[in-house]
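1. sequence first, predicted model second:
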Amino acid sequence: MVAASKVADLAQNKVVVAGALLLTVTTALDVVRRWRRKGQQPPYPPGSWPFLGHFVTVMRYCWDNSSWALAKWGLELQRSQGFKTHGLNFCGTYIICLSDADLVQEVFEGDPHRFTKNFNDLPLGGDLLEYSFKDGLFTVNTDNPAWQVAHRILISPFSVRGVRGIMPMMCDQADLLIKAMKRDVGYGGTTYIDTWVVKMAFETIAVCGLGTSFGCFENAEINPFVKHLNEVVESLDVLGRWPPFLRRIFCRQRLQSYIDSSASVRRTCMEILQRRKSEEHKESHKDLLDRMLSDADPKTGQKMSEESVVDNLLTFLFAGQDSTAAAMASCLCYLCANPTCKERLLREIDEVVGKDQLSWEHLNELQYLDWCIKETLRLMPPGSLLLRTSTREQVLGGWYVPAKVPIIVNILALHYSEDLWGADVNEFKPERWERGLPHKFAFMPFAHGPRACIGREFTLMEQKVTMVKFFQNFDVERVPGDKAGYTVLKPDGRSPPFLNFDTPSWISPQAMELEAME
Ligand code: HEM
């Protein structure tokens, strides 16, 4: 009995001693690491829990279902605590968040070997994006040859010259939009602006890029492909907030429908590819799909694999419609909320284009329209965060950055920085663009560098074409004193007067302003 208790004591002592030794060694190692390390540890915001880190705080911000939750939290930290660089612990994953324009410039313009785009093992839904879009341009790692080959093949059709060739096709889509709105909504009618800009953005990329119409303008019903793609996009937002192991417990159903919808949209893209391969493409103009199937990488002579073509078809249908639709809806809402700006824009369209057919030359003259679009993208960037990864242990602006740490660049906080943009930063003021950019990295809705948005010229032209055609036909106004985001027929407007817009509140400039400011 005594012997047994001695053995138990000894065993217990050994565990205690081993535990103490382990703690001492890890503490000593940490001290040595900290001592050897150059640079300071970025500050940690309050709200970190044991094991879960800032997960609960992030979830609290996400609870309002806003896709800007994390970005808004960063903006708030910037304003209340002065944090432009801070650390974050997301269930054990260490992340560094940046909203300092100089440091962002160093990440995007400095030595290209210091930071890369790599979605592997990233928190916040990086794995989900990879699951759906695989080796598509948006998700594939920069050092993967699939990105390099596809990028070099597609950079030319997406250049200014490349998109100029498809302007007539874009104008046709905008004409179809106007026709469908006149038919389905009618003068004085009320409608959700979202429905229409989504149709426009989706049909434009599908027809101009892939030579395939999904019949969105002919049909009031939402096309099943669009429904599934929307499910994928919405689920990305919801599921991405959960770490993968918790998703399987708390979001089982959503996860399953995400998997099913991903499979369904992929099947459709494979059908588009097979159809194109089996038929002779009649159009004289080579579209994106033709280029992906026939062009070779000018550097290596390699062609894109069939899997890569499908991944990119899906990527274009996703990246090409969601953000463009959001940008156009936001711009219309801002113009409704700022009638003086709208009047100036209408005057410009009347003077430059009038009732003529819109041409490429007109687009370059529509300077105020360009400012309105930029100002909208500043206040409502469709993507509020960018993700990069540090490739090695390094110092960034005096801060210590370990290797393989995700870096979140907060676009929203840069766009709403009073230091950069001045005291009127929250206001919609297209005129501010007359002065140019306050800092090269104060405005980055399309990111910068080799991984910047390849569809930038495509979307800017599409937005301009749509806005001109829209205002050549309609006028809009907000309901005075009504809920933020609602707009109504402007009875004494230009002829013909038109439309009540019933827009969801998330897109309202006022709602955004209030939420960002709380
Ligand atoms: C207002 C509209 C748009 C916005 C705000 C936008 C924004 C962005 C941003 C911020 C990135 C970089 C993401 C990152 O660095 O991680 C990106 C990449 C990309 N965008 Fe866009 N985008 C828009 C429209 C489009 C359109 C119309 C297309 C296609 C027709 C497109 C295709 C892509 C692709 C393929 C990439 C990945 C490029 C690469 O990494 O090589 N985007 N976009």
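-> That came through, no problem.
2. tell me if I'm right that Gln463 and Ala329 touch.
-> No - when contacts are counted by Cβ atoms under 8 Å, Gln463 is not listed as touching Ala329 (10.7 Å). C-beta coordinates here come from the backbone N, C-alpha and C atoms, glycine included.
3. now do the SS call for Ile96.
-> The local conformation at Ile96, judged by DSSP: H, G, I helix; E, B strand; the rest coil, is strand.
4. could you report the neighbour count for it?
-> 22 (other Cβ atoms under 10 Å).
5. over to Tyr187?
-> If we define neighbours as other Cβ under 10 Å, then Tyr187 has 12 of them.
6. what's the answer for Leu366, then?
-> Neighbour number of Leu366 under other Cβ under 10 Å is 21.
7. please identify the buried residues of stretch 288-302?
-> For stretch 288-302, burial by neighbour count (16 or more other Cβ atoms under 10 Å) applies to 288-293, 295, 297.
8. between the residues you listed, which is nearest the ligand?
-> Of all those, the ligand sits closest to Leu288, with 7.9 Å by Cβ to the nearest ligand atom.
9. ok, for the closest one, nearest residue in space, not its chain neighbours?
-> Gly209 (4.2 Å; Cβ to Cβ, 6 or more residues apart in numbering).
10. with Leu176 instead?
-> Phe217 (4.5 Å).
11. show the contacting residues for the one you found.
-> Counting by Cβ atoms under 8 Å, 6 or more residues apart in numbering, Phe217 makes contact with 176-177, 179-180, 199, 203.
12. just the buried ones from the residues you listed?
-> Using 16+ other Cβ under 10 Å, the buried members of those are 176-177, 180, 199, 203.
13. which of the residues you listed come close to the ligand?
-> Applying Cβ under 6 Å from any ligand atom, the subset of those adjacent to the ligand is empty.
14. just flag the most distant two among those.
-> Of all pairs drawn from the buried ones among the contacts of Phe217, the greatest distance, 9.9 Å, lies between Ala180 and Glu203 (Cβ to Cβ).
15. from Pro382, how far off is Glu76?
-> Remark: distance between Glu76 and Pro382 (Cβ to Cβ, to the nearest Å) = 21 Å.
16. next, give phi and psi for the residue lying closest to Ala220 once chain neighbours are set aside.
-> Counting by Cβ to Cβ, 6+ apart, Asp184 is the residue found nearest to Ala220 once chain neighbours are left out, at 6.4 Å. Reported as degrees, to the nearest 10, the phi and psi values for Asp184 are phi -90, psi -30.
17. Asp184: neighbour count?
-> Neighbour tally, Asp184, other Cβ under 10 Å: 13.
18. near the ligand, which residues of the stretch 251-400 of the chain are found?
-> 315-316, 319-320, 323-324, 327, 382-383, 386.
19. at 8 Å instead, please
-> Residues of the stretch 251-400 of the chain that fall close to the ligand, judged by Cβ under 8 Å from any ligand atom: 288, 312, 315-316, 319-321, 323-324, 326-327, 377, 381-383, 386-388.
20. gap between the closest residue to Asn141 other than its chain neighbours and Leu387?
-> Nearest non-adjacent residue to Asn141, counting by Cβ to Cβ, 6+ apart: Asn118, 4.7 Å away. Distance of Asn118 to Leu387, computed by Cβ to Cβ: 9 Å.
21. likewise Leu379?
-> Distance, Leu379 to Leu387, using Cβ to Cβ: 22 Å.
22. repeat for Ser132
-> To Leu387, Ser132 is 16 Å away according to Cβ to Cβ.
23. more neighbours, those two?
-> Comparing Ser132 with Leu387 by other Cβ under 10 Å, the one with more neighbours is Ser132, at 24 against 18.
24. run a quick neighbour tally on the residue nearest to the more buried one when sequence neighbours are not counted.
-> What sits nearest to Ser132 in space, not counting adjacent residues and going by Cβ to Cβ, 6+ apart, is Ser262, at 4.4 Å. As a burial measure, Ser262 scores 22 neighbours (other Cβ under 10 Å).
25. likewise the one 3 residues further on?
-> Neighbours of Val265 under the rule other Cβ under 10 Å: 24.
26. okay, it and Arg79: tell me how far apart.
-> For Val265 relative to Arg79 (Cβ to Cβ), the value is 39 Å.
27. quick one: low-confidence parts of the stretch 151-300 of the chain?
-> When residues are selected by pLDDT under 70, those of the stretch 151-300 of the chain lie in 188-190, 281-284.
28. which residues in it form strands?
-> Along the stretch 151-300 of the chain, counting by DSSP state E, counting those that start in this stretch, strands occupy 190-191.
29. what of the stretch 351-500 of the chain?
-> So, for the stretch 351-500 of the chain - with DSSP E, counting those that start in this stretch - the strands run 385-390, 394-396, 399-401, 406-410, 477-478, 487-488, 500-501.
30. looking at those, which has the lowest confidence?
-> Ranked by mean pLDDT, the strands of the stretch 351-500 of the chain bottom out at strand 487-488, which scores a mean of 39.
31. got the contact list for the residue in the chain positioned nearest to the ligand?
-> Residue of the chain nearest the ligand, by Cβ to the nearest ligand atom: Gly455 (2.2 Å). Shown in contact with Gly455 (Cβ under 8 Å, 6+ apart): 158, 316, 319-320.
32. kindly report the same for Ser294.
-> Contacts for Ser294 (Cβ under 8 Å, 6+ apart) come out as 286, 303.
33. please apply the same query to Phe458.
-> By Cβ under 8 Å, 6+ apart, the contact set of Phe458 is 158, 163, 205, 320.
34. now with 10 Å?
-> 157-160, 162-163, 166, 170, 204-205, 208-209, 288, 316, 320, 324 (Cβ atoms under 10 Å, 6 or more residues apart in numbering).
35. now do stretch 92-106, average pLDDT.
-> Per-residue pLDDT values across stretch 92-106 average out to 95.
36. and that stretch, which residues are buried?
-> By 16+ other Cβ under 10 Å, the buried positions in stretch 92-106 come out as 93, 95-101, 103-104, 106.
37. OK, contacts around the residue positioned nearest the centre of the chain?
-> For the chain, the residue nearest the mean C-alpha position is Gly383 (2.6 Å; Cα atoms, centre = their mean). By Cβ under 10 Å, 6+ apart, the residues touching Gly383 are 67-68, 71, 319, 322-323, 326, 411-412, 444-447, 453.
38. try 7 Å this time
-> Gly383 makes contacts with 323, 411, as judged by Cβ atoms under 7 Å, 6 or more residues apart in numbering.
39. also Arg388?
-> If a contact means Cβ under 7 Å, 6+ apart, then Arg388 has 107, 115-117, 407, 409 as its contacts.
40. okay, those residues in CSV with neighbour count next?
-> What follows is those, written out as CSV (neighbours: other Cβ atoms under 10 Å):
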residue, neighbour count
Val107, 22
Phe115, 23
Thr116, 14
Lys117, 20
Ile407, 20
Val409, 27
